[in-house]
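Student: Take this sequence and fold it.
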Amino acid sequence: MTMDFKQRVAIVTGAGQGMGRAHAMTLASRCARVVVNDVSAPHAEGVVREILDAGGTAVVDTNDVSTTAPAIVDTALNAFDRLDIVVSNAGIIRVGLFSEQPEQEFWKVFDVSFKGATDLSRAAWPHLVSSGSGRLILVSSSGILANPGASAYGAAKGAIWALGNTLAMEGDRVGVQVSTLMPTAWTPMTENAYSDPTILNTLRNGMGPEHVANFVTFLAHQDTAVHGDLYQVAGGRAGRMVLAGMPRVQSTTASPEGWIDVAQELTNDSRELTPYRVTGDQFTDEMIAANPAVAEAFANMNPADLGA
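Tutor: Numbering: from 1, shown residues only. Below is the predicted model of the structure:
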């Protein structure tokens, strides 16, 4: 089966280079009409030129997602009169220890990486609903797992992950499929991140952005049912990422001192993990841990009441 997008319309932000460029090029190669958004006009124009030269359809948009995200949607509607797919890829990183990084710089990362994604998603949402098979793909990062010197980036990408989880649930009710990515690929952003030649060669030769773009294009297709989770993706491999809880530790007494005797247990790792996808999963598990007798009540409860 060849994935053909049948003239569907896609917005890709941060599409002037790196992964964004790969997303735009791959979608366009499958007959999607693409809005190539990047704050660098030369970069965006270069990608559009490549798409047009290859026989595809694309237009340039240079709006800044952090300030004028809704205007990107206007570009799509003015050029193509519809919108089916949004790939919210734009983001920036500013390195600095939390205690030393200027406040303005910290929030600039949030404005581009999170506020931009939120504003774009909000503006695009009614059009994705009208599409009948709308697709919203948000780009998070392994930075959510902690990376000293990148607190702003990690926090913003963590916020995107949380946003994507909730929008996936809300989207299921109106026919919009939402997914979030944790990609790894060689891009201009990662080019100078490592000095070891083996790591660099692995990134360049086996983990190019085209591999992530193939997965994005798969998720964006109107016939794809896979969606709704955070997916780690790199080099032709992908897998679901989940938040998981380790076995609970019971304090010995109902006092602050009751935790002293079990303090070591709180730091131990375990292979007994319970995955949580929605708020209700964790709440249910917590209630059953407190009183196993409530398990039946939760089993008979409407999943919608638990946030499912």
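
Student: Mind listing what's buried along the lengthiest helix in the chain?
Tutor: Ranked by residue count under DSSP state H, the longest helix found in the chain is helix 151-172. Across helix 151-172, burial judged by 16 or more other C-beta atoms under 10 Å covers 151-161, 163-165, 167-169, 171. In this view, the C-beta of every residue, glycine as well, is placed from N, C-alpha and C.

Student: distance between it and the chain's centre?
Tutor: Relative to the chain's own centre, helix 151-172 is displaced by 7 Å; criterion: C-alpha atoms, centre = their mean, to the nearest Å.

Student: So which elements touch it?
Tutor: Helix 151-172 is packed against helix 103-110, helix 116-131, strand 134-139, strand 176-183, strand 230-234, with contacts defined by 3 or more C-beta pairs under 8 Å, 6 or more residues apart in numbering; DSSP states H and E.

Student: Save these as CSV, and put in distance to residue 205 too.
Tutor: Listed next are the helices and strands packed on helix 151-172 as CSV, based on distance: least, C-beta to C-beta, whole Å:
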stretch, distance to residue 205
helix 103-110, 30
helix 116-131, 31
strand 134-139, 23
strand 176-183, 17
strand 230-234, 13
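
Student: With distance to residue 8 and mean neighbour count as added columns, please give the ones you listed in a markdown table.
Tutor: Shown next, in a markdown table, are the helices and strands packed on helix 151-172 (distance: least, C-beta to C-beta, whole Å; neighbours: other C-beta atoms under 10 Å):
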| stretch | distance to residue 8 | mean neighbour count |
| --- | --- | --- |
| helix 103-110 | 31 | 14 |
| helix 116-131 | 8 | 20 |
| strand 134-139 | 9 | 25 |
| strand 176-183 | 13 | 25 |
| strand 230-234 | 21 | 20 |
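
Student: Let me have the ones you listed in CSV, extended by distance to residue 287 and mean pLDDT.
Tutor: Shown next, in CSV, are these (distance: least, C-beta to C-beta, whole Å; pLDDT from 0 to 100):
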stretch, distance to residue 287, mean pLDDT
helix 103-110, 34, 91
helix 116-131, 32, 98
strand 134-139, 31, 98
strand 176-183, 27, 96
strand 230-234, 25, 93
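
Student: For residue 84, find the nearest of those.
Tutor: helix 116-131 (4.4 Å; C-beta to C-beta).

Student: Can you pull out the low-pLDDT segments for the stretch 151-300 of the chain?
Tutor: Along the stretch 151-300 of the chain, the parts satisfying pLDDT under 70 run over 189, 191-194.

Student: Could you verify my assumption that residue 171 touches residue 138?
Tutor: No - assessed by C-beta atoms under 8 Å, residue 171 is found out of contact with residue 138, at 11.3 Å.

Student: Mutual contacts of those two, please.
Tutor: Shared contacts of residue 171 and residue 138 (C-beta atoms under 8 Å, 6 or more residues apart in numbering): residue 178.

Student: Quickly list the domain ranges of this structure.
Tutor: Listed by automatic domain parsing, the domain ranges of the chain are 9-241, 244-306.

Student: most neighbours per residue, which of the ones you listed?
Tutor: By mean neighbour count, with neighbours taken as mean count of other C-beta atoms under 10 Å, domain 9-241 ranks first of the domains of the chain at a mean of 19.

Student: Would you map the helices across the stretch 1-150 of the chain?
Tutor: With DSSP state H, counting those that start in this stretch as the criterion, the stretch 1-150 of the chain has helices at 18-29, 41-53, 65-80, 103-110, 116-131.

Student: For residue 174, give me its contacts.
Tutor: Going by C-beta under 8 Å, 6+ apart, residue 174 touches residue 129.

Student: relative to its centroid, which residue of the chain is most remote?
Tutor: Distance from the C-alpha centroid of the chain, by C-alpha atoms, centre = their mean, peaks at residue 253 (42.2 Å).

Student: Alright, calling it a day.
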